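J.: model this:
(chains A and B, ligands or ions: 2)
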Amino acid sequence: MNLNAVAAIYKFEMARTFRTLMQSIISPVISTSLYFVVFGAAIGSRIQEVDGVSYGAFIVPGLIMLTLLQQSLTNAAFGIYFPKFTGTIYELLSAPISPIEIVLGYVGAAATKSIALGLIILATATLFVDLRIEHPLWMILFLVLTAVTFAMFGFIIGIWADGFEKLQIVPLLIVTPLAFLGGSFYSISMLPEFWQDVSLVNPVVYLISGFRWAFYGTSDVSIGVSLAMTLVFLGATLAAVTYIFKTGWRLKS
Amino acid sequence: MPRNRKLDASRLPTFLAALAAYVAGSSRRRARTNCDRSNLMQSTNVAHPILAVRGVSKTYEGGFQALKSIDLQIARGEIFALLGPNGAGKTTLISIICGIVNLSAGEITVDGHDIGRNYRAARSKIGLVPQELTTDAFETVFDTVSFSRGLFGKNKNPAHIEKVLRDLSLWDKRDNKIMTLSGGMKRRVLIAKALSHEPELLFLDEPTAGVDVALRREMWEVVRKLRENGVTIILTTHYIEEAEMMADRIGVISGGELILVEEKAELMRKLGHKELILHLQEPLSDVPPGFSDYDLSVSADGSMLTYSYDTNAERTGIGSLMRRLAEEGIRFRDLSTKQSTLEEIFVNLVEDRP
Ligand SMILES: Nc1ncnc2c1ncn2[C@@H]1O[C@H](COP(=O)(O)OP(=O)(O)OP(=O)(O)O)[C@@H](O)[C@H]1O
Ligand SMILES: [Mg+2]
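T.: Residues are numbered from 1 along each chain as shown, chains lettered A, B, ... in the order given. Ligands and ions are numbered 1, 2, ... in the order given. So this is what the prediction gives:
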């Protein structure tokens, strides 16, 4: 195991984060606060409790997930796309490192950043609503698993993308809709039956449901299923990354 | 009797090992004293090559064949110059060895390690300075060079990084962001990155392109120092005088084929033509009759007579030519000789190809 390489990549990526620290922290904090003002205060005051939790508190796990998904994805995608774009990837390809080590460096850094952001948003949320976390360890587990899974997904997108548009299109056209339709702001049980069934195809449903269960002990799908689906998704991204490095797809001519 | 035979057989490997060690040792000694090593090294087969390329071909995705069954062996400690026109396949070959481009066929070992199956061991010995100026922008010089060292699995060693930066006159710029450097300085940053992890085999893909004269000399100095420390160097260049000055051996690649691999001295000797130029006292309008045995030509103004001869030939013919000229009463004020440069040899080689 070339741990020095993992550390070098991780440090490099974290330095990139710290260079843009202000914008990486401030913008999600501001947008989360806006969600609270609009959904939590303005609309939430007219909505009854959901599953025995005030609406403002109910949306907190969903909001954190929303940021977590977007940040993990875009960070990891950018992290690997940029060297490809500038050509500095030559060094990565010529170094004595295994795919696992490359992934650990990039995905680890992207996940670290988005987990930190998730926790910052959690702290921000306590300013607006009363929060309780019934299963803190599960909360952390889902936070980490989701961050890692979507960072892996982002990493694959970064390798696949051959232009900046493609880099932005996936988060914009796929992840954000999935997160919104995945129950960030409502319980799946509030939907008509047909749409409930459709929602079960959406992987984000399981992430948000499991995460919310860790907070309030209530969920749309059982915690076991949530965990299993998350792990399946993680496994799929792992398999894809292994294939990519084995063949040099989009990395080597 | 059987006992004797047994003894001989068991001694043979020891003897061979000792012989190999002796040859390796003496070649290193000679390298240091900068001797002509033409007698020692074979041009294609090397005893324990640091790099062995066997039957390597490359066909790019579009179907373009950039390399056609390349065979090449590089001895430890030598400087090898790869020459060839634009698009010949130099960068492709280097990229394949370094793991940046997949090969289509063939086999490559670095110090005995296969670059595919045993990529970790192979790559950790290699340093690469790419042709393109591809650097980060926002990192500082020191950070980017340290990053490279980490990437190659080496523990931190600020003292080594400092030495590399000082050797390349980058120490003053260590805290500058790379984007604030000039093109030549960026090139040096790339070299520093490649040297950060103390490679045994260094690839320099046009290291002196876009580098000013003073700096080029500095770089040659760095290359010489590296060689003294036993680093093997493979470089490509379009400045042929550079290859002529630096290299022990020269390979010429054209159209994806390695058309020649030769000791530099041998190459110059084999392909070298020499010219004897006579500055005449009285101009000639044409080559005098009766001299058709000699390869002679008269300059446009008739003031010079040039005799081309092969340095390899048994007899150069100079003596007899002189006698004949004296007999004919052709006298000259002065004479000079000129040897073809590597550049002329190279141009002839590449142009002769269909
Ligand atoms: N990624 C690629 N896809 C398709 N063809 C390529 C690719 N890279 C290089 N080639 C082609 O392969 C041939 C060899 O290119 P290469 O870069 O190895 O040449 P070179 O000898 O380094 O030339 P130069 O002196 O200009 O650097 C060229 O014809 C080039 O167009
Ligand atoms: Mg080239």
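
J.: For the stretch 51-200 of chain B, which residue gets nearest to ligand 2?
T.: As assessed by C-beta to the ion, ligand 2 sits closest to B:T91 within the stretch 51-200 of chain B, at 3.1 Å. (C-beta placed from N, C-alpha, C; glycine too.)

J.: which SS class is the most centrally placed residue in chain B?
T.: Nearest to the mean C-alpha position of chain B, by C-alpha atoms, centre = their mean, lies B:A81 at 1.6 Å. Following DSSP: H, G, I helix; E, B strand; the rest coil, B:A81 is assigned to strand.

J.: Contact partners for B:K154?
T.: If a contact means C-beta atoms under 8 Å, 6 or more residues apart in numbering or on different chains, then B:K154 has A:N4, B:S196, B:H197, B:E198 as its contacts.

J.: Dump these to CSV, plus distance to B:D136 and secondary structure.
T.: CSV is the format used below for the contacts of B:K154 (distance: C-beta to C-beta, whole Å; DSSP: H, G, I helix; E, B strand; the rest coil):
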residue, distance to B:D136, secondary structure
A:N4, 18, helix
B:S196, 14, coil
B:H197, 17, coil
B:E198, 21, coil
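
J.: And the buried ones among those residues, selectable in ChimeraX?
T.: Here is the ChimeraX command that selects the buried residues among the contacts of B:K154 (16 or more other C-beta atoms under 10 Å in any protein chain shown):
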select /A:4 /B:196,197,198
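
J.: re the thing from before, would the residue of the stretch 51-200 of chain B closest to ligand 2 count as being in a helix?
T.: Yes. Counting by three-state DSSP, B:T91 is found in a helix.

J.: hang on, isn't B:I100 packed against A:L93?
T.: Yes. Using C-beta atoms under 8 Å, B:I100 is in contact with A:L93, at 4.7 Å.

J.: Not including adjacent chain positions, what is the nearest residue to whatever residue of the stretch 101-250 of chain A ends up closest to ligand 2?
T.: Relative to ligand 2, the nearest point of the stretch 101-250 of chain A is A:G248 (19.9 Å; C-beta to the ion). Leaving aside its chain neighbours, A:G248 sits nearest to B:N102 (5.4 Å; criterion: C-beta to C-beta, 6 or more residues apart in numbering or on different chains).

J.: give the contact list for the one you found.
T.: A:G248, A:K252, A:S253, B:I96.

J.: got a pLDDT number for the first one?
T.: Among the per-residue scores, A:G248 shows a pLDDT of 84.

J.: Distance check, it against B:F152.
T.: The span separating A:G248 from B:F152 equals 20 Å under the rule C-beta to C-beta, to the nearest Å.

J.: So in terms of bridging, what pairs with the residue nearest to the centre of chain B?
T.: Beta-bridge pairing of B:A81 under DSSP bridges involves B:L235, B:I250.

J.: just checking, it touches B:I233?
T.: No. In this structure B:A81 lies outside contact range of B:I233 using C-beta under 8 Å: 9.0 Å.

J.: Leaving out chain neighbours, which residue sits closest to B:G302?
T.: B:P283 (3.4 Å).

J.: Now name the helix or strand holding residue 67.
T.: Using chain A. Counting by DSSP states H and E, the element that carries A:T67 is helix A:55-86.

J.: look at chain B instead
T.: B:L67 belongs to strand B:65-74 when assigned by DSSP H and E.

J.: strands paired with that strand, and their directions?
T.: strand B:51-59 (antiparallel).

J.: The strand it pairs with: how far from the chain's middle?
T.: With C-alpha atoms, centre = their mean, to the nearest Å as the basis, strand B:51-59 stands 18 Å off its chain's centre.

J.: Next, the distance between the ends of stretch A:170-178.
T.: 11 Å (C-alpha to C-alpha, to the nearest Å).

J.: In that stretch, which residues are buried?
T.: For stretch A:170-178, the neighbour count (16+ other C-beta under 10 Å) marks A:V170, A:P171, A:V175, A:L178 as buried.

J.: With adjacent residues omitted, what lies nearest to the first one?
T.: In space, A:V170 comes closest to A:I157 once its chain neighbours are excluded; the distance is 5.1 Å by C-beta to C-beta, 6+ apart.

J.: Quick one: residues contacting the spatially closest residue to A:F185 that is not a sequence neighbour.
T.: Leaving out its chain neighbours, the residue that sits closest to A:F185 by C-beta to C-beta, 6+ apart is A:I59, at 5.4 Å. Residues in contact with A:I59, defined by C-beta under 8 Å, 6+ apart, are A:Y35, A:F36, A:F39, A:G40, A:G44, A:S184, A:F185.

J.: correct me, but the last one touches A:F36?
T.: Think A:F185. No. The pair A:F185 / A:F36 is not scored as a contact, 11.5 Å apart, by C-beta under 8 Å.

J.: just the strands in the stretch 51-200 of chain B please.
T.: Using DSSP state E, counting those that start in this stretch, the strands of the stretch 51-200 of chain B run over B:51-59, B:65-74, B:79-83, B:105-110, B:113-114, B:126-129.

J.: Chain A too?
T.: Listed in chain order, the strands of chain A (DSSP state E) amount to none at all.

J.: for it, what spans make up the helices?
T.: Secondary structure of chain A (DSSP state H): helices at A:3-19, A:21-35, A:55-86, A:89-94, A:99-125, A:136-160, A:164-170, A:176-181, A:193-199, A:203-216, A:223-247.

J.: I'd like to know which of these has the weakest mean confidence.
T.: Note on the helices of chain A: helix A:21-35 shows the lowest mean pLDDT, a mean of 82.

J.: contact partners of that one?
T.: Taking C-beta under 8 Å, 6+ apart as the rule, helix A:21-35 contacts A:T17, A:I59, A:L63, A:T67, A:Q71, A:K113, A:L117, A:I120, A:I121, A:T124, A:A125, A:F128.

J.: Can you list the buried residues in that helix?
T.: Those would be A:S24, A:I25, A:P28, A:T32, A:S33, A:Y35, for helix A:21-35 by 16+ other C-beta under 10 Å.
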